[in-house]
Each structure stands twice: as C-alpha cells, then as structure tokens.
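>>> What would the 3D arrangement of this be:
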Amino acid sequence: MQKRALIVGASGVIGTALSEYLLANDWNVTGLSRGRGASTAGVHTLTADLTAPDAVASALKGVEVDTVFFSAWARHATEKENIRVNGAMVSNVLNVVGPSLQNGHAALVTGLKHYLGPFEAYGTGAVPVTPFREEQGRQQVENFYYEQEDRLFDAASRFDFTWSVHRPHTVIGYALGNAMNMGVTLAVYAVLCKQTGQPFVFPGSATQWNGLTDMTDARLLARHLEWASTSEQGRNEDFNVVNGDVFRWQWMWSQIADYFGIEAAPFDGVLRPLESRMQDSAQQWQAIATQFELKEPAIEKLVSWWHTDADLGRPMEVLTDMSKSRKAGFLAYQSTLDAFIDLFERLKVERAIPR
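Sure, this is the predicted structure:
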C-alpha cells in the first residue's frame, strides 16, 4: 500500500526537502502549514494556524495518515512562550490524527539546542563536551524542544504509535521565506558583496572560525526521517543527524567566496554580526533584483540575519556524533561544501540570485 504522510511545516527548508524525497519514493503527502510559503508540487496542501486547536482540527478533519513529520516551530520573545506555543502545536496535531496513527509513526525534528540550550540562554549552562551524543540528555534549562518531546511521548502512549526525534545541526536546503536559513542568507550576502563592492566579512566568532564544526543537508535529513519511520532500529529513539564530514569556517568561507567570484576578507577575530551591518541591504537588494529580474525583491523574505549571526557567533565548539545512527543502519553521507554549491545552483535556477 502507498504510504501516507502528513508533514507539519511542509513549505519550510526541511519540509520542502522531505516533500520532494517522499514524493519521489511514491508516498502520498499531505502538507500542513501556516501558508507563508509555497508547497512542493504534488503535495496536498492544508493551511491552518497551528497554534489554534479548532483551526487544526478543521483543517485535518477526515485526514488519515500512517506517519506524521513535525518540522515547524514558531519563534517568540521568551522561552516560556516558546514552550507554551510550540508544545501546543504538537498536541494540536496529534490530538486530531492520533487515532489514525495506531501502529504508525510520528517523527519530531528539533536540533542541537537540545544540548546548547535555547537562544535566550545559548551556551550559558553546562554545555556537554563535544561531540554531542544522545546519551548526554537534557540541560537544566527551560527548552521548548523538551516540551515538544514530552507532548510526542504522551501522544504515542495514548494512541499507540512509535516515535523518533531528530536533532540536526544548522540545516542547508532550498526554501524561501524561511525563518532559519543560513544557506540562502549567505548566498544573498555574497551577492550583495559582489554587486556593491562590500568586503565579504565573516560575521562570527573566532571559535567558529578556527574550530571544527558540521552541518546538515536538508536532503540527508529527509532520508534520515524516512529511514527512522520505516526501520525497526529507528523507532522510539532519539538521533543526532549531520552530513558526516567536518570543516573549519576559515576554509569554508574561502570556498563560498570562490564560488561567487569574490575575495574573502581577512578575519581579525572581531565579531561583526550581519544584522547590525546590513542596514541598507533591503534597498540594495531591490535594485539587484530589478537588474537581474529576480523572483523575490524583498530581502526579508530571503534572509535570516539573526539566525546566521546566532550560529556563527557561538563562543563554543559545536560538533555532533553520529554513531547511534550508524550502528542502527543509517549510513548516508553528504559533503557539506557540495550541499552549499547544490543550493546555490538551485537558487540560480529558481531566479532567487543572479546567474
């Protein structure tokens, strides 16, 4: 029988890659989102305010699926609000589709803030020794990831389905209008530097510039999600998921610069966040979009300066262990440099950046 999936957050960077992968593998895919971005062709699209139980119930009325994938969240000013809203989003969906999920599966995507702590307490607690391993458990701080997990575990117990939790590092993938998208942000930043003559300055910390790190291609994450939902070894487990290679930003920054035909500015160890330096970027991008007939002239629908600053500005090493997935049978690998280049090439094809 054809497998039936519900992707919560289907138009985001993870949801887009997952939709494309599942459709290519003959799944029937329904997407539920707030409707802020375009869904993949072939996805049965539903729109609802995920924080409103009645709206979710109305949108999902009559929907029966075998597997639910959660790849959506809503950012709020405090972690208490993040906990309240994002925990409710998980429950709102599972309370409706839970009965049809008996003997099925629900997968939740969170991330490495499971180990680092939330944005407002980023790295201020006792961050575990790297590389992060699943058995290191939760930090003694409030974290909406933990609330989402607890809502998932509770629903799985009530409705008798299996679960998996997936913790990617920074995700690289194609999507426009996404709140956390370093790949598109760096592409737009590089184009701005090339077209306006600004130096291509690394915005982050010396720790990130000099230390080892890793990332997660959204396409590899899609494979990981499908694997866990269909494999006995993937059920009722939490997993880190990264590409499988490591790099230093001092090398990657020059590779990205070379791709765009610009020179990487020397790094002097000073933190220079993008959000405070790109004050004139909206007007500059609009002119570039007009000149090159680009799809999206509004830069705020492409970039997430704050998120890229948060990732590249971290004062601690962030590196992930994948042994648990490997031992369970997931052996896929993705070059991170290739992930960036593939994304940049697609952005050109989609007329999101100049050719």
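>>> Tell me where the chain has helices.
13-24, 53-59, 79-97, 113-116, 144-159, 182-196, 206-210, 218-230, 249-260, 274-277, 281-292, 305-312, 323-328, 336-349 (DSSP state H).
>>> helices or strands up against the second one?
Contact partners of helix 53-59 among helices and strands, from 3 or more Cβ pairs under 8 Å, 6 or more residues apart in numbering; DSSP states H and E: helix 79-97. Placement of C-beta: from N, CA and C, glycine included.
>>> Return the angle between stretch directions for the helix it packs on and helix 144-159.
Put simply, helix 79-97 runs at 20 degrees to helix 144-159, going by axes from the mean of the first three to the mean of the last three Cα atoms, to 10 degrees.
>>> got the buried residues for helix 79-97?
In terms of neighbour count (16 or more other Cβ atoms under 10 Å), helix 79-97 has its buried residues at 79, 82-83, 85-97.
>>> Over to stretch 230-250?
For stretch 230-250, burial by neighbour count (16+ other Cβ under 10 Å) applies to 234-235, 237-244, 247, 249.
>>> Repeat that for stretch 218-233.
Buried positions in stretch 218-233, judged by neighbour count with 16+ other Cβ under 10 Å: 218-229.
>>> what's near enough to touch Glu142?
Listed by Cβ atoms under 8 Å, 6 or more residues apart in numbering, the contact set of Glu142 reads 79-80, 83, 118, 121.
>>> can you tell me which of those residues lies nearest to Pro168?
Nearest to Pro168, judged by Cβ to Cβ, of these is Pro118 at 16.3 Å.
>>> Nearest to Thr40, out of the helices of the chain?
Across the helices of the chain, Thr40 has its closest neighbour in helix 13-24 (3.9 Å, Cβ to Cβ).
>>> List the buried residues for the closest one?
13-23.
>>> To what extent is Ala5 buried, counted in neighbours?
For Ala5, the neighbour count with other Cβ atoms under 10 Å is 26.
>>> next one: Gly313
So Gly313, with other Cβ under 10 Å, has 17 neighbours.
>>> what's the pLDDT at it?
Per-residue pLDDT puts Gly313 at 95.
>>> same question, Ala121
Per-residue pLDDT puts Ala121 at 67.
>>> One more: the one 5 residues further on?
Here the pLDDT value assigned to Ala126 is 72.
>>> where's it relative to Met316, distance?
Distance, Ala126 to Met316, by Cβ to Cβ, to the nearest Å: 11 Å.
>>> Please apply the same query to Gly117.
In terms of Cβ to Cβ, Gly117 sits 11 Å off from Met316.
>>> Same drill for the two, tell me which one is more crowded.
Set side by side, Gly117 and Met316 show more neighbours around Gly117, with 22 against 14, by other Cβ under 10 Å.
>>> Could I get the phi/psi values of the nearest residue to that one once chain neighbours are set aside?
Take Gly117 and drop its neighbours on the chain: the residue closest to it by Cβ to Cβ, 6 or more residues apart in numbering is Val141, 4.8 Å away. Val141 adopts backbone torsions of phi -140, psi 160, taken as degrees, to the nearest 10.
>>> How many residues are close by Val141?
If you count neighbours by other Cβ under 10 Å, Val141 ends up with 16.
>>> Just to check, it is in contact with Pro118?
Yes - using Cβ atoms under 8 Å, Val141 is in contact with Pro118, at 6.9 Å.
>>> any residues in contact with both of the two?
Taking Cβ under 8 Å, 6+ apart as the criterion, Val141 and Pro118 both touch Glu79.
>>> got a list of contacts for stretch 314-328?
With Cβ under 8 Å, 6+ apart as the test, stretch 314-328 has contacts from 112, 116, 122-123, 127, 130-134, 167, 169, 204-205, 207-208, 211-214, 224, 231, 233-234, 237, 239-242, 244, 246.
>>> same thing but 6 Å
123, 127, 130-134, 169, 205, 207-208, 211-214, 233, 239-240, 242 (Cβ atoms under 6 Å, 6 or more residues apart in numbering).
>>> What is the end-to-end distance of that stretch?
Start to finish, the residues bounding stretch 314-328 are 31 Å apart (Cα to Cα, to the nearest Å).
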